[in-house]
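Participant: Prediction below, plus the sequence it came from.
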Protein chains: 4
Amino acid sequence: MIIQLEKGLSEGNKQSIIDKVEALKYKTTEVKTQKGEYIIGIGKKDFDIREIGHMKGISDIHIVSDANMLVSRKWKVKPTVIDLGDGVTIEEGGMALMAGPCSIEGEEQIEKTIAHLKENNIKIMRGGVYKPRSSPYSFRGLGNDGLKTWYKLAREAGIKIITEVMQVSQIEEMYDYVDIYQVGARNTQNFNLLDELGKVDKPVLIKRGISGTIEELLGSAEYVFSAGNENLMLCERGIRTYERASRNTMDINAIAILKEKSHLPVIADPSHGIGIRDHVEPVALACVMAGADGVIYETHEVPEEAWSDGQQTLSFRESEKLIKKLRKTFELRESF
Amino acid sequence: MIIQLEKGLSEGNKQSIIDKVEALKYKTTEVKTQKGEYIIGIGKKDFDIREIGHMKGISDIHIVSDANMLVSRKWKVKPTVIDLGDGVTIEEGGMALMAGPCSIEGEEQIEKTIAHLKENNIKIMRGGVYKPRSSPYSFRGLGNDGLKTWYKLAREAGIKIITEVMQVSQIEEMYDYVDIYQVGARNTQNFNLLDELGKVDKPVLIKRGISGTIEELLGSAEYVFSAGNENLMLCERGIRTYERASRNTMDINAIAILKEKSHLPVIADPSHGIGIRDHVEPVALACVMAGADGVIYETHEVPEEAWSDGQQTLSFRESEKLIKKLRKTFELRESF
Amino acid sequence: MIIQLEKGLSEGNKQSIIDKVEALKYKTTEVKTQKGEYIIGIGKKDFDIREIGHMKGISDIHIVSDANMLVSRKWKVKPTVIDLGDGVTIEEGGMALMAGPCSIEGEEQIEKTIAHLKENNIKIMRGGVYKPRSSPYSFRGLGNDGLKTWYKLAREAGIKIITEVMQVSQIEEMYDYVDIYQVGARNTQNFNLLDELGKVDKPVLIKRGISGTIEELLGSAEYVFSAGNENLMLCERGIRTYERASRNTMDINAIAILKEKSHLPVIADPSHGIGIRDHVEPVALACVMAGADGVIYETHEVPEEAWSDGQQTLSFRESEKLIKKLRKTFELRESF
Amino acid sequence: MIIQLEKGLSEGNKQSIIDKVEALKYKTTEVKTQKGEYIIGIGKKDFDIREIGHMKGISDIHIVSDANMLVSRKWKVKPTVIDLGDGVTIEEGGMALMAGPCSIEGEEQIEKTIAHLKENNIKIMRGGVYKPRSSPYSFRGLGNDGLKTWYKLAREAGIKIITEVMQVSQIEEMYDYVDIYQVGARNTQNFNLLDELGKVDKPVLIKRGISGTIEELLGSAEYVFSAGNENLMLCERGIRTYERASRNTMDINAIAILKEKSHLPVIADPSHGIGIRDHVEPVALACVMAGADGVIYETHEVPEEAWSDGQQTLSFRESEKLIKKLRKTFELRESF
C-alpha cells in the first residue's frame, strides 16, 4: 500500500500511522521526496482500507499490488510533470525533444549543435562526457572539464543539459552543470548509483538495460523514487535480441506497456533503438505514435566525423526534417 | 546478376544468354513468373556488364549482390502491385487493411465480421481454417468446409479472403476459395511448401518466423519468387525475445529495414506483435508510421468468446476506431 | 488422464470406458500405437480415480496434469527402448552414437564413412539427402536416389540410417530406406508432418526448433505419439540467442530438464549446438555428463571439403578420439 | 601489440620503447600489474616485429590482433595461477571448488557451512553480504558487519572468502576481509568499478553479464588487467534467453570458447546457470567436462529456509555427493 502523508505532519502522527500499518504485519518504508512524503507498506494480508484511511495526517491511501509501487500508475492521478526551470518541462502526454551528439567533442561542436537546436526550438541537448566503452583503450569522454565548457555555452543559450553519470562520485562533481542525469543501459541495475541519485534534487532519466525487462526498468525507477527523487523518466532504447540486421531491437511494445504500468514519462531513443542512420526517422515517428512522451536522438554536424556512434547519428539537415515530422505526428496523436 | 528477358524470346536466344552467363562461371537458374522471365546468375567473378547487356532478348540486366536477389530492391524500379481483382490491390506505398477473427467459427460469425468490414470499407478478411496449435488436443480449425462457407459469404459481399495454408496438399484443396495464401510463422522455413506456392498464380503472404531473421524471411520469399510466383508480401508479426510482458516483441525496425531491402509490400501484424488487446492500437499506428504497406489484425464481435486469441482481438468498436486512426496516420505519412 | 487399455479389449468395453470418462466432462482422444492402446482424457474437474480405475479392460490409469501427456514421465514406469532391429537400440539411460556427414555426397564418401563407423563400432549413420537451405539456390541434397545408394551400402555393412524428412510426401518415398526419420529444427512445428509420422511404424527423432521452447518440443512429440507412433526421440541441438561467438547456444539445461519431464530418449547434437569444429568434443562430453541418452554428430573424411557444415564437422581422426572419450565419460556417469 | 618489459627497466629505456612504438602510429598504454610491466600498442599498420624486438629492456613482444589483448591466450605461454595464499590456488587446468550460501545470514549459518566445507576439503567459501536486488524493498545483505563476522570464522578455519563487491566505495571497506572480489552479473560493465578493482592487489572474479557476450566479458577483464590487476577469473553463469523452463540458459559453449580465447581461469556457476536445485548436479558435471577450471555453487544446510535463492541451493548432503562426482569427473578429464 502507499500512504501519502499530509504536508507538515508531526512525527508523532506519522509514527501512529506506521504503527498501525505494522500492526497489520506490513513492512514499512518511509519515503520523502521533493514533492511529498509517503509510507510504503509491503505485506500479504488483505485488510480493510478504512482501518487506516481515517487516520489523521493521511492525504491519500492506495492499495497497490505491483512490486514497483511508487512508480505504478495505480495510485497517481495527476500527470507527472518534470520541471527543468525556465519553462522547460517533460511531462506525460507531451513530446519533449532532446538532441545532440553521442560524445561532446569540444567548444566548436557544442556551439554548432546549440545553434541547430535553437533554430529548431529544441530546449534540451544530449551528449556524453563520460562514455561507457567495452574496451578500456577507447575514448572515454572529455570528463567534467568538457561538461563545464558545455554548461557555460548551454546556459548562455538557454539550453538544458542531459548527460550520463556513470558512478556515485560523479554525481556531486557534475551536479552544478547538469539538468538531467542519465543512467545508461549498462548501469540500469547499478543499484548503488540509483540509490544515490534518489538523494539528488535533479531529474533522472533511466535507460532500459541492454537486455533488461520492463519489470526491471520499473524496479530501477522504484529505487530512485523510494530513495527520494520523484523527478524521473524512463527510456526505451532497444533491447538485445538474436536479430543482427539492426544494432538493437527497438521494443515499440514497451512504450505502450510502460505508459500503462507507470505514471512516469517515457522517452524513446530511436538512435540506439535501431542504430542505422537512414532508419532513425521512421522509428522515431513510430515511437511517438506508440505514445512516447519524448524522443532523444543523436545529431552531429558531420556524422561521418563524429567521435562515436556516427553510423546512427543524423546530420543537422536530417535532424531538422525529423523535428518537423515529429511535431506533426504528435499533433495527430493529440487529435485522437 | 538478374537478367530480365524480353517477352516471347525464342528458346535459342535464351540459351545463348545462358551459355554466355555460364561462360563467366556463373551458375544459372531460369525463373518464369506470372509477370516475367528471368535468368539468375550466381557467381563470384567480377565482369563487365556490357559483355552481356548488348545481347538480343535482354530487357534489363542488374548486378545484385544480395543473397536474395529477386526480392531485392536493387533491381526493381516500378513499385510492386499485387492485384486481387475487383479493384482490390496491395501495393508498395499503400495501406492495405485486412481484419477478421483468429479462427473461422461458423456462418454467423462470418456474416457479422463481413458486415463490420463492409461498414468500414475494408476489402480483405483474415481468418484461420487450419490452425497450427502446439498441442494436438487443441481445436485445429474448421478445415476446408469452413473455408467453403466463408468463401460463399465473402464473394457475395465482395470481400477477399486471406487464410493460412499449412501443407502442400492443402494448396490445391483451398485454391478455389482463397485470394491470398498465408504462410504462418511456424512454416516460414517450410521450403517444400514455399516451392509449391511458387507454382500457384495466387498471391502469398509470408509471415516472419517466430524467431526468424530478416535475412531468412527474404530467403523464404526468394523461394516462392524463384519458383514462379511474384505476387508476394512479407509480414512482420513480432519475434521471440526474453521479454515476457508481451506475447512477442514487435520488431518495428524490421519494417524499415525490409522496406529498404526488398521491393515487396510489407504488412504489419500488431495483434501477434504485442498480443495484448489494449495495446494493439498504438502498435498498429506505429507500424504505419514506420512505413508498413498494410496492417492485418484480429477482430471479433465478442473477443472474450473467440475460440482462439481472444486476449489480442479487438471488438468491432475498437476495430472501427482503429481503422479511422490508421487512415489518418497513413494520410499524414503520405503528406511527408 | 491417461488410460492404458488391455490388449484385445472389445469395442464395447472400450466404449464403456470412453462414456464414463466423457461423463466426467473430459474430452477423450483414442490413441493406438505400435506398443499399446490408450484413452486420453482432457478436462479440468477433479475426480476420484477409483470411479474409473476398476473398469474392465483398463491395464493402468494415471492422472497427468502436463499439457503433453503421453510423452510425460509421469506415467511411464519402464524405460523407453527404441528397437532398430539387429540388436541396435536407443534407450533411456544408454548412450547411442550416430555419426556421419552433414550431406550425403556419393558412394565413395558413404563407403569411407561406413568404414570409419565400423572400425569404431558405431551402428547408426547420419546424413542428409534432403537439405533445408535458407537460399533456393543452394545445394538441396541428392534426394531419394542418394538415399537408395546409401541404403544399399549401409545394409551390406549392418549400419542403420537416420536422415531428415522434410515433407509428408517424402515419408512414403523414403520408407524402405530409412531406419529413423529425423524432423529438422525448421520443421519441429510442421504439425502436418508430425501427424503423418505418427502413422508410420519407424522411429522418429525430433530436433528442437531453432528457437523452440522445451515445452514446444514436447508438444511436437505429443503430436507424433498421439497419432500412433511411440518410437520417438528428442534432440537438443542448440538454440538461437544473441551470442554470436557460436553458431547456436547449446542448451545443456534442456538435457536435464527433458530427462525429468519426459520418458523419451534425449539425444544431443553438439555439432549444431556449438558449430565450431574445435569445440565439438568438449560440448559432446558435457552433454553425456548432463544425462544425454545419445550423441549425434557430424564427421567427414576431409571436413574442409564437405559440401556443407564443414566448419563444424570432425575429421575421422577427431571422431575416433571423441568416441573413445564419450564411452569413458558414459562409463563414469554409469558408475555414479 | 603487447610488449612485456624487463623487470627494473629504467624510465629512459622505457620511454625509448614507447617513442619507437608511437613512431609506428601506434597508440600506447602503459600497464603495470603485480606480476609485470607492459606496453600496449594499438594501431592498424603492419610492421616488422624486428624493428622493436631487439630493443633494450624488452622481455617479450607479441602481435595480438584481438580487441582484448592482455587477457588473450595469444601471448601467454605459462598457465595463469592465482595464488590465494596458504597453498590455495586457482589455476588453468585445475578444478577449484567454491561453495556456500547465496546470502550470509549470521554466525550459525556461517559455522555450519564452514564445517561442511572442511569435511569435504573445500577451501573457498562463497556468500553475499551486499546483494543486488531488483526491488529496493528486498533484503540487501548484512553488509560489512556480516563480512567481518564471516572473516573471523573463516580465518580460524583456514577458509578463503569470495564475495560480491557492488561499488567503488566498498572496495576499501571490504579489503581486509575478502580473498576474492566478485563482480556480479549486473556490474560486468560497471567500468568504474572494474577500473578501481584493477588497482587492488587481490584477485577478482568477473561474472558474465546477464546478457553479456563472450567478447564483452573479455573486455571487462581487459579493464581490470590493464588497470593493473592480473589476478583475474572469468565466470560463466548462464545467459538470458527466451527459454522459461530454466532461470537462465547455461552457455556451455562459452566455457570452451573462453578457454580458447583467454588464458584466464574460467569458473562455472551451475546454480545460476540453471536455477533449479535438482538439476545443478548434471549441469555442474557437464561444465567440468567442457573444460571449466572451477565450479562455484550455492549450498545451505536447509535450502528451503535460505534467505535467497533457495530454489537453486543444494543441501549439504547434495553438495557432498556433487563434490565427489566433480572430483571423479575432473580426474577423467585429466586422464584424456
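Facilitator: The structure has been received and is ready for your questions. The model shown is predicted, which means the values in this text are computed figures rather than measured ones.

Participant: Give me the residues contacting the worst-scoring helix or strand of chain A on mean pLDDT.
Facilitator: Counting by mean pLDDT, DSSP states H and E, chain A has its least confident helix or strand at helix A:50-53, which shows a mean of 84. For helix A:50-53, contacts defined as Cβ atoms under 8 Å, 6 or more residues apart in numbering or on different chains pick out A:1, A:3, A:17, A:20-21, A:24, A:58, A:61. The way it works is simple: take the backbone N, C-alpha and C, and place the C-beta from them, glycine included.

Participant: which of these sit farthest apart?
Facilitator: Comparing all pairs in the contacts of helix A:50-53 by Cβ to Cβ, the longest separation belongs to A:Leu24 and A:Ile58, at 14.3 Å.

Participant: is chain B contacted by the helix ranked longest in chain A?
Facilitator: Longest helix in chain A, counting residues (DSSP state H): helix A:316-335. Yes - counting by Cβ under 8 Å from any Cβ of the partner chain, chain B is contacted by helix A:316-335 at A:325, A:328-329, A:332-333, A:335.

Participant: List only those of the residues you listed flagged as buried.
Facilitator: A:325, A:328-329, A:332-333 (16 or more other Cβ atoms under 10 Å in any protein chain shown).

Participant: Around chain C, which positions in chain A sit nearby?
Facilitator: A:211, A:240-242, A:244.

Participant: what about stretch A:59-76, start to end distance?
Facilitator: 13 Å (Cα to Cα, to the nearest Å).

Participant: starting at the chain centroid, how far to it?
Facilitator: 19 Å (Cα atoms, centre = their mean, to the nearest Å).

Participant: Any chance of TSV for the residues of chain A next to chain C, columns distance to chain D, neighbour count and secondary structure?
Facilitator: Listed next are the residues of chain A next to chain C as TSV, based on distance: Cβ to the nearest Cβ, whole Å; neighbours: other Cβ atoms under 10 Å in any protein chain shown; DSSP: H, G, I helix; E, B strand; the rest coil:
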residue	distance to chain D	neighbour count	secondary structure
A:Ser211	3	22	coil
A:Arg240	5	24	coil
A:Thr241	9	26	coil
A:Tyr242	9	22	coil
A:Arg244	12	11	coil
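
Participant: between those, which is closest to chain B?
Facilitator: A:Thr241 (4.9 Å; Cβ to the nearest Cβ).

Participant: ok, what's across the strand from the residue nearest to that closest one when sequence neighbours are not counted?
Facilitator: In space, and not counting its chain neighbours, A:Thr241 is closest to A:Thr249: 4.3 Å by Cβ to Cβ, 6 or more residues apart in numbering or on different chains. Under the criterion DSSP bridges, A:Thr249 forms beta bridges with A:Ile239.

Participant: same thing with A:Met98?
Facilitator: Residues in beta-bridge contact with A:Met98 (DSSP bridges): A:Ile124, A:Ile296.

Participant: Quick one: neighbours of the nearest residue to A:Gly43 once chain neighbours are set aside, just the number.
Facilitator: The spatial neighbour of A:Gly43 that comes closest, neighbours along the chain excluded (Cβ to Cβ, 6+ apart), is A:Tyr26 at 3.5 Å. Other residues lying near A:Tyr26 total 19 when counted by other Cβ atoms under 10 Å in any protein chain shown.

Participant: Could I get the contacting residues of A:Tyr26?
Facilitator: A:1, A:41-43, A:45.

Participant: can you pick the most crowded of these?
Facilitator: Most neighbours among those, by other Cβ under 10 Å: A:Gly41, with 25 neighbours.

Participant: Got phi/psi on it?
Facilitator: phi -120, psi 130 (degrees, to the nearest 10).

Participant: Now do the contacts for it.
Facilitator: A:1-3, A:21, A:24, A:26-28.

Participant: part of a helix, is A:Thr149?
Facilitator: Yes - according to DSSP: H, G, I helix; E, B strand; the rest coil, the state of A:Thr149 is that of a helix.

Participant: what's the burial count for the closest residue to it other than its chain neighbours?
Facilitator: Excluding its sequence neighbours, the residue lying closest to A:Thr149 (Cβ to Cβ, 6+ apart) is A:Glu107, at 5.8 Å. Number of residues near A:Glu107 (other Cβ under 10 Å) recorded here: 13.

Participant: residues in the stretch 1-150 of chain A within reach of chain B, list them.
Facilitator: Residues of the stretch 1-150 of chain A lying near chain B (Cβ under 8 Å from any Cβ): none found.

Participant: can I get the residues of helix A:316-335 next to chain B in JSON lines with pLDDT and distance to D:Lys199?
Facilitator: Shown next, in JSON lines, are the residues of helix A:316-335 next to chain B (pLDDT from 0 to 100; distance: Cβ to Cβ, whole Å):
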{"residue": "A:Lys325", "pLDDT": "98", "distance to D:Lys199": "49"}
{"residue": "A:Lys328", "pLDDT": "98", "distance to D:Lys199": "53"}
{"residue": "A:Thr329", "pLDDT": "98", "distance to D:Lys199": "50"}
{"residue": "A:Leu332", "pLDDT": "98", "distance to D:Lys199": "55"}
{"residue": "A:Arg333", "pLDDT": "98", "distance to D:Lys199": "51"}
{"residue": "A:Ser335", "pLDDT": "97", "distance to D:Lys199": "58"}
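
Participant: returning to what we had before: out of the contacts of A:Gly41, which sit inside helices?
Facilitator: The helices, defined by DSSP H, take in A:Val21 from those.

Participant: Most neighbours of all the contacts of A:Gly41, which one?
Facilitator: A:Ile3 (26 neighbours).

Participant: which residues touch that one?
Facilitator: Here A:Ile3 is in contact with A:17, A:21, A:38-41, A:52, A:58, A:60-61 (Cβ under 8 Å, 6+ apart).

Participant: Can you select the buried ones from those residues in PyMOL?
Facilitator: Buried members of these can be picked out in PyMOL with the line below, counting by 16+ other Cβ under 10 Å:
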select buried, chain A and resi 17+21+38+39+40+41+52+58+61
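
Participant: Output the buried ones among the residues of helix A:316-335 next to chain B as TSV; include the columns distance to chain D.
Facilitator: Below are these laid out as TSV (distance: Cβ to the nearest Cβ, whole Å):
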residue	distance to chain D
A:Lys325	33
A:Lys328	37
A:Thr329	32
A:Leu332	35
A:Arg333	32
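
Participant: So which residues of chain A form strands?
Facilitator: For chain A, applying DSSP state E gives strands covering A:2-5, A:27-32, A:37-42, A:58-62, A:81-83, A:89-91, A:96-100, A:124-126, A:160-164, A:180-183, A:204-207, A:232-236, A:266-268, A:294-298.

Participant: Those strands into CSV, with extra columns for mean pLDDT?
Facilitator: Listed next are the strands of chain A as CSV, based on pLDDT from 0 to 100:
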stretch, mean pLDDT
strand A:2-5, 94
strand A:27-32, 94
strand A:37-42, 93
strand A:58-62, 92
strand A:81-83, 96
strand A:89-91, 97
strand A:96-100, 98
strand A:124-126, 98
strand A:160-164, 98
strand A:180-183, 98
strand A:204-207, 98
strand A:232-236, 98
strand A:266-268, 98
strand A:294-298, 98
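
Participant: can I get the ones you listed in CSV with distance to D:Ile206?
Facilitator: Shown next, in CSV, are the strands of chain A (distance: least, Cβ to Cβ, whole Å):
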stretch, distance to D:Ile206
strand A:2-5, 38
strand A:27-32, 32
strand A:37-42, 33
strand A:58-62, 42
strand A:81-83, 36
strand A:89-91, 37
strand A:96-100, 33
strand A:124-126, 30
strand A:160-164, 22
strand A:180-183, 21
strand A:204-207, 22
strand A:232-236, 27
strand A:266-268, 31
strand A:294-298, 30
